[in-house]
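Trainee: no sequence for this one, just the structure:
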């Protein structure tokens, strides 16, 4: 445990009705991922709530540029980022189109971190790749702001709960256990003897198109695939020479899977393996999303 839970009321600026306070011994990490953007005060206010409760916390912004209400994009980025943090990190994720409705607020503990946010599928891809997890519904108002609003649970419920968790509050004190979390469909990946088929998941800010075909790693000149988000992935392991592979998407055909952008001339399209191990389609020093007319959901085929 990273802190000691105290029973004594404590005066916190602007949050004086709290009756749960934490004695701090370490500097916990708390990440934030939202679709709030940075033009408004929403992210800053959430950080203010967190720091009022846990002033020694280290805050890390994963991103606040998730497209509005795009739960799937948030789930993908969260699953990609979480393994790079210490396992006692708390990840606060708020992409919440159903705020104020019957959807449940959650905290979920896993071997790769603890996650706080709405029960709308946001944690689907994290949970698909961990051997075990435990979740609770956030029902204990001792860990919330007083009089939570119906439209900003990120500030009033999720941020204070995440701060208390990061400082050492036991998961089981937050509410009753739950086991039936909402899920999103797994990213498409179909496999034949001589082909793989997936979809474009999203374009990053450079216009590189991440697909659902992965995860890969390099072994000399060969690519080794162990499919992501599948518990039986080890049995589906594939290996093939990268230079002989063909990638086809919406009439575009690319020969070979590259290691780097620099292997093709400026302005040329290419297929390569991105930093998270998924097949990507890119344009060197350009935007594949703009130049190739491809978008999320489009079919992509790989012929080893």
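Mentor: In hand now; what should we look at? Remember, it's a predicted structure, so these values are computed and weren't measured experimentally.
Trainee: drop to CA atoms for contacts and neighbour counts, all remaining ones
Mentor: Noted.
Trainee: and the helices in the stretch 101-250 of the chain?
Mentor: Ranges of helices in the stretch 101-250 of the chain, per DSSP state H, counting those that start in this stretch, are 124-127, 153, 159-167.
Trainee: give me the number of residues near the residue nearest to residue 60 when sequence neighbours are not counted?
Mentor: With sequence-adjacent residues excluded and distances taken as Cα to Cα, 6 or more residues apart in numbering, residue 60 is closest to residue 31, at 4.5 Å. The burial count assigned to residue 31 is 20, neighbours taken as other Cα atoms under 10 Å.
Trainee: distance between the strand ranked longest in the chain and the chain's centre?
Mentor: For the chain, the strand with the greatest residue count under DSSP state E is strand 196-203. Its chain's C-alpha centre lies 17 Å from the corresponding centre of strand 196-203 when counted by Cα atoms, centre = their mean, to the nearest Å.
Trainee: that strand pairs with which strands?
Mentor: Take DSSP bridges as the rule and strand 196-203 pairs in its sheet with strand 189-191 (antiparallel), strand 209-214 (antiparallel), strand 299-303 (antiparallel).
Trainee: thinking again about what came up before, just name the most buried of the helices of the stretch 101-250 of the chain.
Mentor: helix 159-167 (a mean of 28; mean count of other Cα atoms under 10 Å).
Trainee: if I pick the residue nearest the centre of the chain, what's in contact with it?
Mentor: Among the residues of the chain, residue 78 comes closest to the average C-alpha position under Cα atoms, centre = their mean, at 0.8 Å. In this structure, residue 78 makes contact with 33, 123, 126, judged by Cα atoms under 8 Å, 6 or more residues apart in numbering.
Trainee: now with 10 Å, please.
Mentor: 32-33, 62-63, 72, 91-93, 115, 122-126 (Cα atoms under 10 Å, 6 or more residues apart in numbering).
Trainee: which element is it on?
Mentor: Using DSSP states H and E, residue 78 sits within helix 71-81.
Trainee: next secondary structure after that helix?
Mentor: strand 90-94.
Trainee: what sits up against the longest strand of the chain?
Mentor: Here strand 196-203 makes contact (Cα under 10 Å, 6+ apart) with 72-73, 76, 187-191, 208-214, 247-249, 279-282, 287-290, 294-304.
Trainee: filter the residues you listed to the buried ones?
Mentor: Buried subset of the contacts of strand 196-203 (neighbour count, 16 or more other Cα atoms under 10 Å): 72-73, 76, 187-189, 208-214, 247-249, 279-282, 287-289, 294-295, 299-304.
Trainee: wasn't residue 48 part of a strand?
Mentor: No. According to DSSP: H, G, I helix; E, B strand; the rest coil, the state of residue 48 is helix, so it is not within a strand.
Trainee: how far away is it from residue 283?
Mentor: Remark: distance between residue 48 and residue 283 (Cα to Cα, to the nearest Å) = 41 Å.
Trainee: over to residue 28?
Mentor: Distance from residue 28 to residue 283, by Cα to Cα: 40 Å.
Trainee: same question for residue 163.
Mentor: Residue 163 is 41 Å from residue 283, where distance means Cα to Cα.
Trainee: ok, residue 147 next?
Mentor: To residue 283, residue 147 is 50 Å away according to Cα to Cα.
Trainee: neighbour count winner among those two?
Mentor: Neighbour tally, residue 147 and residue 283, criterion other Cα under 10 Å: the higher count belongs to residue 283, 24 against 9.
Trainee: pull the contacting residues for the more buried one.
Mentor: Applying Cα under 10 Å, 6+ apart, we find residue 283 in contact with 206-209, 261, 264-271, 289-292.
Trainee: which members of those residues are positioned in strands?
Mentor: Those of the contacts of residue 283 mapping onto strands are 209, 269-271, per DSSP E.
Trainee: low pLDDT regions in the stretch 201-304 of the chain?
Mentor: For the stretch 201-304 of the chain, residues meeting the criterion pLDDT under 70 lie at 231-235.
Trainee: check what pLDDT residue 10 gets.
Mentor: Reading off the confidence values, residue 10 has pLDDT 32.
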